[in-house]
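Trainee: the following comprises the amino acid sequence and a computationally predicted model.
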Protein chains: 2
Amino acid sequence: MVEPRIDAITLGVEDLERAVRFYRDGLGLATDGIIGTEFVGSADQPAGAAAMFTLADGLLLSLYPHSELGKDAHVGQQSVVGSGVSLGHAVASRAEVDALLAEAARAGATITAPPAERPWGIHSGYFRDPVGHLWEILHFLPAGSAEPSG
Amino acid sequence: MVEPRIDAITLGVEDLERAVRFYRDGLGLATDGIIGTEFVGSADQPAGAAAMFTLADGLLLSLYPHSELGKDAHVGQQSVVGSGVSLGHAVASRAEVDALLAEAARAGATITAPPAERPWGIHSGYFRDPVGHLWEILHFLPAGSAEPSG
């Protein structure tokens, strides 16, 4: 059986420098910037340039070009374009949902879904980062405070 | 500044039951199964049916239909199809990389990249789950044991 653990999340990005600007300069996440440029790659071998952010509990968030992720996983660049994943960030209040979405927008993200209450007990909104990945900023409502479902 | 934290990862899936079978029955991850079916949704409002897995450090892995994630994020179903993200799972040895990839394959995943050593110091391989998401099973090599770069 697999241990229930995810240690790293790699976001495929079209423009690595643009992605770093958003996450480092826009959102203020700490990083050593683009590393691994000494691994130049080839038509078959992925290059190493990537940016990494160590998050809470040691979770590693990496930004890595689509082209190289496609080679590394042997699936081709076209397979790793798109965002069939949403990353969730929980905050302690509705007001913090609003504030964090506003901060992301100032940093260059697009708010796709303004904050709203879901009937299953969360208040959340979504933004898309400048390179295409979805984030949901969410607040778990206290039990019993959500609207009853129909 | 944003706290460096990801609390949830939502995978958009085409076939929720198939995805649950892989993660619960195939990989053995604990879940209450499909929940939220009482929230039926509409053309504009997402339905609630989803499956959730609580991982180490409280990280929540959710499976949620593309159609509903597209509505929830106000981006449309076509925007959330695809896998521009790879989820990383670290293990303690090269042998465990091999074993876990084999287990995933037995459970219905497709191994896209067989285990190999990357020049930046990891030994890893990738699989794609039955609904399209990429996972990298990786072992961080002891410092100095990786091949020197050219």
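Mentor: Received it, and whenever you're ready, just let me know what you need. Numbering: from 1, shown residues only, chains lettered A, B, ... in the order given.
Trainee: now do the SS call for A:P130.
Mentor: Assigned by DSSP: H, G, I helix; E, B strand; the rest coil, the conformation of A:P130 is coil.
Trainee: what's near enough to touch it?
Mentor: A:R18, A:A19, A:F22, A:G108, A:A109, A:T110 (CB atoms under 8 Å, 6 or more residues apart in numbering or on different chains). Yep, even glycine has a C-beta here, placed from its N, CA and C like the rest.
Trainee: buried only: go through the residues you listed for me.
Mentor: A:A19, A:F22, A:G108, A:A109 (16 or more other CB atoms under 10 Å in any protein chain shown).
Trainee: pretty sure A:S67 contacts A:Q77?
Mentor: Yes: the pair A:S67 / A:Q77 is scored as a contact, 4.9 Å apart, by CB atoms under 8 Å.
Trainee: so between these two, which is more surrounded?
Mentor: Using other CB atoms under 10 Å in any protein chain shown, the more surrounded residue of A:S67 and A:Q77 is A:S67, with 18 against 15.
Trainee: so where's chain A shaky on pLDDT?
Mentor: Across chain A, the ranges flagged by pLDDT under 70 are A:1, A:83, A:144-150.
Trainee: state which helix of chain A is the longest.
Mentor: Longest among the helix segments of chain A by residue count, using DSSP state H, is helix A:94-106.
Trainee: off-centre distance for the next helix or strand after it?
Mentor: Helices and strands here follow DSSP states H and E; after helix A:94-106, the next one along the chain is strand A:110-118. The chain centre lies 16 Å from the centre of strand A:110-118; the measure is CA atoms, centre = their mean, to the nearest Å.
Trainee: let me know the angle separating strand A:110-118 from helix A:94-106.
Mentor: With axes from the mean of the first three to the mean of the last three CA atoms, to 10 degrees defining the directions, strand A:110-118 sits at 170 degrees from helix A:94-106.
Trainee: what sits up against strand A:110-118?
Mentor: So strand A:110-118 is contacted by A:94, A:97-98, A:101, A:104-105, A:123-128, A:130, A:134, A:137, A:141, A:146-147, B:46, B:48, B:72-75 (CB under 8 Å, 6+ apart).
Trainee: now, of these, which are buried?
Mentor: For those, buried by 16+ other CB under 10 Å: A:97-98, A:101, A:104, A:123-128, A:130, A:134, A:137, A:141, A:146, B:46, B:48, B:72-75.
Trainee: which members of those occur in helices, if any?
Mentor: A:V97, A:D98, A:L101, A:A104, B:D72.
Trainee: of the residues you listed, which is the nearest to A:T31?
Mentor: A:A104 (17.0 Å; CB to CB).
Trainee: what about the closest residue to A:Q45 other than its chain neighbours, neighbour count?
Mentor: Leaving aside its chain neighbours, A:Q45 sits nearest to A:K71 (6.7 Å; criterion: CB to CB, 6 or more residues apart in numbering or on different chains). A count of neighbours around A:K71, defined by other CB under 10 Å, yields 21.
Trainee: OK, contacts around A:K71?
Mentor: Counted by CB under 8 Å, 6+ apart, A:K71 has contacts A:G41, A:D44, A:Q45, A:P46, A:Q77.
Trainee: ok, A:D15 next?
Mentor: A:D15 neighbours (CB under 8 Å, 6+ apart): A:V131.
Trainee: that one and chain B, how far apart?
Mentor: As judged by CB to the nearest CB, to the nearest Å, A:D15 and chain B stand 13 Å apart.
Trainee: who's in contact with the residue positioned nearest the centre of chain A?
Mentor: Residue closest to the mean C-alpha point of chain A, counted by CA atoms, centre = their mean, is A:L87 at 5.3 Å. Contacts were defined as CB under 8 Å, 6+ apart; by that measure A:L87 touches A:I9, A:H133, A:L134, A:W135, A:E136, B:I6, B:A8, B:I9, B:T10.
Trainee: now do the same contact list for the first one.
Mentor: The contact partners of A:I9, by CB under 8 Å, 6+ apart, come to A:L59, A:L60, A:L61, A:S62, A:L87, B:I6, B:I9, B:V85, B:S86, B:L87, B:G88.
Trainee: please report how far the first one lies from chain B.
Mentor: Taking CB to the nearest CB as the measure, A:L59 and chain B are separated by 6 Å.
Trainee: what sits closest to that residue if chain neighbours are left out?
Mentor: Nearest to A:L59 is B:I6, by CB to CB, 6+ apart, at 6.0 Å.
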